[in-house]
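**Student:** Here's a sequence, model it:
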Amino acid sequence: MLFFLELETPPDYVFGYLYIGPILLASVHLSRKVAFLLTLVACIFTLINIWLPGLETVEAPTIASRIIATFALIVTGVLSDRNRLYQQTVLQQQTKLEAQEKLASVREDFASALTHDLKTPLLGAIETLKAFQQGTFGAVQSSQQRVFATMVRSHKTTLQMVETLLDVYRNDTEGLQLNLAPVDLVAIAEEVTATMTDLAASRRVHISLRYGASDFRQFLWVKGDTLQLQRVIANLLTNAINHSPRGERVEIILEAGSSSQTVKVIDNGAGIKLDELLHLFERFYQGQSDRQAKGSGLGLYLSRQIVEAHGGTIWAENRQFTGATFAFRLPTLPYTPPRSA
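**Tutor:** Take a look at the predicted model:
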C-alpha cells in the first residue's frame, strides 16, 4: 500500500520512513529471515521511486532524501535484529536461572529431609552407648568406658553438625524465629563455658573469662534469644578450642558499652589468611588454611545468621603476633532489668 502511495505522489514526498513500523513488527512476531526480506524490499521500494513513475525530473536533494531514508530503514532492521537476539539471550538466561533455582530448591529440600531423618538414628545410637556405659547390658571395664565415652562424644559431634545443617536450611527458607527477652551475655557465656569443660580438657586448653577493663563481674544486657546466643558463643568457643595448640589458653572477653555489648573469643592458634577473612562467615566456606580443615563450614555461617537476626555484627581478625579473634556485637538494652530477671 505504501509502495502504491509513493507511485501516486511526486518523488519529493518520501514515504519510506513509514516502512519502519512493519519492520519493527516483523522483527518481533516473525522470523529473522522474513524481517530481513521485508527490510530489503522496503529499501528497494524507497529507492525505486526515484525513477518511477518517471513523470518528473528528479533533483539531487530528492535523491539524497531517498538515500537517507534507505539508511534509516537499514539501521532500523539491524537494531531490531540485535534487539531480538538480546531478548532471546535474556530469555535463555532467565530459563537457565529458573532451572538452577529449581534444582537448588530440590537439593535443599532433599538435604533438609535427609538431615531431619538422620537425627533419629543418631539419638538412638547415643542412648544405646549411654546404656552400655551405665552397665545396663553387663559390667563394663574402665578401658571400655573410655571407648564408649569417645563414641558418645563422636556421635554427639555428628548430631550437632546435622542439627546445624538443618537449622541453616530452615533459616534460609523460613527465616530465623527468635524468642526475644532481656538476657545477660555474661550469664550466657558462663553457662556455655561450663558445658565446654570436657572438650577443653580433651584438648588441654584452658578457658578464662575477662570482663573488659574491669576486674569485677559485669552485666551485659541485650534483648535476645538465650538459646540462639548460646549457640553463637558455643560455635565461636568450639572453633577457638579446636584450633588452639595444646596447653594454650582461650579467652572470652566481655566488654560493656553504652550503645553495644561485645563478646570476643581469642585463641593462640595459627591465625587466618588475609584473603580468607572476608569469607569465613559464608555458607559452606572451606578455606585453605589449617583453621578451615575441620568442620562443615556451617557453624560460623549459622552464627552470622543469628547475630544479624539480633541486629548485630560479627567479624574475625588476626591478633598482632599469633592467633585470631572472633567477636560479635549486639545493641545494648535501653534499660537495665532487675538482677532477679
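**Student:** Least confident secondary structure element in this protein?
**Tutor:** Every helix and strand of the chain was ranked by mean pLDDT, DSSP states H and E. The lowest is helix 2-7, at a mean of 63.
**Student:** Identify all contacting residues around the helix or strand that residue 222 is a member of.
**Tutor:** Using DSSP states H and E, residue 222 sits within strand 221-224. Applying Cβ atoms under 8 Å, 6 or more residues apart in numbering, the contact partners of strand 221-224 are 178, 180-185, 229, 261, 310, 330-333, 336-337. In short, each C-beta sits where N, CA and C put it, glycine included.
**Student:** And those, which of them are buried?
**Tutor:** Neighbour counting with 16 or more other Cβ atoms under 10 Å marks 183, 184, 185, 229, 261, 310, 330, 332, 333 as buried within the contacts of strand 221-224.
**Student:** Show me what the following helix or strand past the strand holding residue 222 is packed against.
**Tutor:** Per DSSP H and E, the first helix or strand lying C-terminal to strand 221-224 is helix 226-242. Contact here means 3 or more Cβ pairs under 8 Å, 6 or more residues apart in numbering; DSSP states H and E; on that basis helix 226-242 packs against strand 181-184, helix 185-195, helix 197-203, strand 249-255, strand 260-266, helix 299-309, strand 324-331.
**Student:** can I get the ones you listed in a markdown table with distance to residue 224 and mean pLDDT?
**Tutor:** A markdown table is the format used below for the helices and strands packed on helix 226-242 (distance: least, Cβ to Cβ, whole Å; pLDDT from 0 to 100):
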| stretch | distance to residue 224 | mean pLDDT |
| --- | --- | --- |
| strand 181-184 | 5 | 94 |
| helix 185-195 | 8 | 92 |
| helix 197-203 | 24 | 86 |
| strand 249-255 | 14 | 93 |
| strand 260-266 | 10 | 95 |
| helix 299-309 | 9 | 91 |
| strand 324-331 | 6 | 95 |
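**Student:** Among these, which comes closest to residue 96?
**Tutor:** Taking Cβ to Cβ, helix 299-309 is the member of the helices and strands packed on helix 226-242 nearest to residue 96, at 26.4 Å.
**Student:** Can you list the buried residues in the closest one?
**Tutor:** Within helix 299-309, the residues that count as buried by 16+ other Cβ under 10 Å are 299, 300, 301, 302, 303, 304, 305, 306, 307, 309.
**Student:** thought the third one was touching residue 308?
**Tutor:** No: taking Cβ atoms under 8 Å as the definition, residue 301 is not a contact partner of residue 308, at 10.8 Å.
**Student:** OK, contacts around residue 309?
**Tutor:** 176, 178, 228.
**Student:** Look at the first one and give its secondary structure.
**Tutor:** Reducing the assignment to helix, strand or coil with DSSP: H, G, I helix; E, B strand; the rest coil, the entry for residue 176 is coil.
**Student:** Tell me the spacing between it and residue 302.
**Tutor:** As judged by Cβ to Cβ, to the nearest Å, residue 176 and residue 302 stand 9 Å apart.
**Student:** before we move on, what about the second one?
**Tutor:** Distance of residue 178 to residue 302, computed by Cβ to Cβ: 14 Å.
**Student:** Buried residues, stretch 186-206. List them.
**Tutor:** 186, 188, 189, 192, 193, 196, 199, 200, 203, 205.
**Student:** what do you get for stretch 144-155?
**Tutor:** Under the neighbour-count criterion of 16+ other Cβ under 10 Å, stretch 144-155 has 148, 151, 152, 155 buried.
**Student:** In contact with the last one, which residues are there?
**Tutor:** Contacts here follow Cβ under 8 Å, 6+ apart; on that basis residue 155 touches 122, 125, 126, 129.
**Student:** Which of those residues fall within helices?
**Tutor:** Those of the contacts of residue 155 mapping onto helices are 122, 125, 126, 129, per DSSP state H.
**Student:** Just give the nearest non-adjacent residue to the third one, would you?
**Tutor:** Which is residue 126. residue 155 (4.9 Å; Cβ to Cβ, 6 or more residues apart in numbering).
**Student:** Check the gap between the one you found and residue 190 for me.
**Tutor:** For residue 155, the distance to residue 190 - Cβ to Cβ - is 27 Å.
**Student:** Show the low-confidence segments of the stretch 201-341 of the chain, by residue range.
**Tutor:** Applying pLDDT under 70 to the stretch 201-341 of the chain flags the ranges 213-215, 284-297, 335-341.
**Student:** Which segments of this protein make up each domain?
**Tutor:** Split into domains by automatic domain parsing, the chain comes to 2-95, 107-174, 181-331.
**Student:** Counting by contacts, list what whichever strand or helix holds residue 94 packs against.
**Tutor:** Assigned by DSSP H and E, residue 94 falls within helix 60-133. Packing partners of helix 60-133 (3+ Cβ pairs under 8 Å, 6+ apart): helix 20-29, helix 32-48, helix 142-174.
**Student:** Test my guess that residue 327 contacts residue 262.
**Tutor:** Yes: contact criterion Cβ under 8 Å: residue 327 and residue 262 qualify, at 6.2 Å.
**Student:** Please consider this matter closed, and thank you.
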